[in-house]
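Novice: I'd like to go over a predicted model; first the sequence, then the structure.
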Amino acid sequence: MIHFAIRAFLIAVAVTAMMLPANAKPKVASGSNCNSNWVNNQGAMACFIQGEDESRAGARHPHYVACAGGDIFCCQDNDSGAQNCVAQAQSKLPSRAVLLNAVRAAQRARAKE
């Protein structure tokens, strides 16, 4: 009888833990993750020049080149500190899951129109 109560308690704890919201944050792109190859990417170089121009003009959030997972991005922070990034180069093809998520997001956006 005690084993049943312990087992039921552990199952209840496991179910409760699965229902808690996840607080995992996505991997943040950073300039320190880039190697020197980004200078050979036309989009990344244009982003760098744009960021330099914006910095000289006193922009609050200038564009910058950042990398994550071998991919190169042109990013700009917003007022809340979040990154808005556009891919400039990818190190590998996206996975099937990433492609399916992109298709679903496009379908949801289209359905809202």
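Specialist: Sure, I can see it.

Novice: now what about the strand or helix carrying Q88, what contacts it?
Specialist: Take DSSP states H and E as the rule and Q88 turns out to sit in strand 83-89. Defining contact as CB atoms under 8 Å, 6 or more residues apart in numbering, one finds that strand 83-89 is touched by 28-29, 38, 41, 43-44, 47, 65-66, 71-78. Heads up, the C-betas are built off the backbone N, CA and C, glycines and all.

Novice: quick one: average pLDDT of the next helix or strand after that strand?
Specialist: Using DSSP H and E, the helix or strand that follows strand 83-89 towards the C-terminus is helix 96-112. Here helix 96-112 scores 76 as its mean pLDDT.

Novice: count of neighbours near E54?
Specialist: 16 (other CB atoms under 10 Å).

Novice: spatially nearest residue to it (excluding sequence neighbours)?
Specialist: P62 (3.7 Å; CB to CB, 6 or more residues apart in numbering).

Novice: any idea how far the one you found lies from W38?
Specialist: In this view, P62 and W38 are 17 Å apart by CB to CB, to the nearest Å.

Novice: higher neighbour count, the two?
Specialist: Using other CB under 10 Å, the more surrounded residue of P62 and W38 is W38, with 20 against 17.

Novice: ok, now which ones touch A66?
Specialist: Counted by CB under 8 Å, 6+ apart, A66 has contacts 29-31, 33-34, 72-75, 83, 85.

Novice: just the buried ones from the residues you listed?
Specialist: Buried members of the contacts of A66, counted by 16 or more other CB atoms under 10 Å: 29, 33-34, 72-75, 83, 85.

Novice: G58 sits in which helix or strand?
Specialist: G58 belongs to no helix or strand, assigned by DSSP H and E.

Novice: and what of G51?
Specialist: Going by DSSP H and E, G51 is in helix 42-56.
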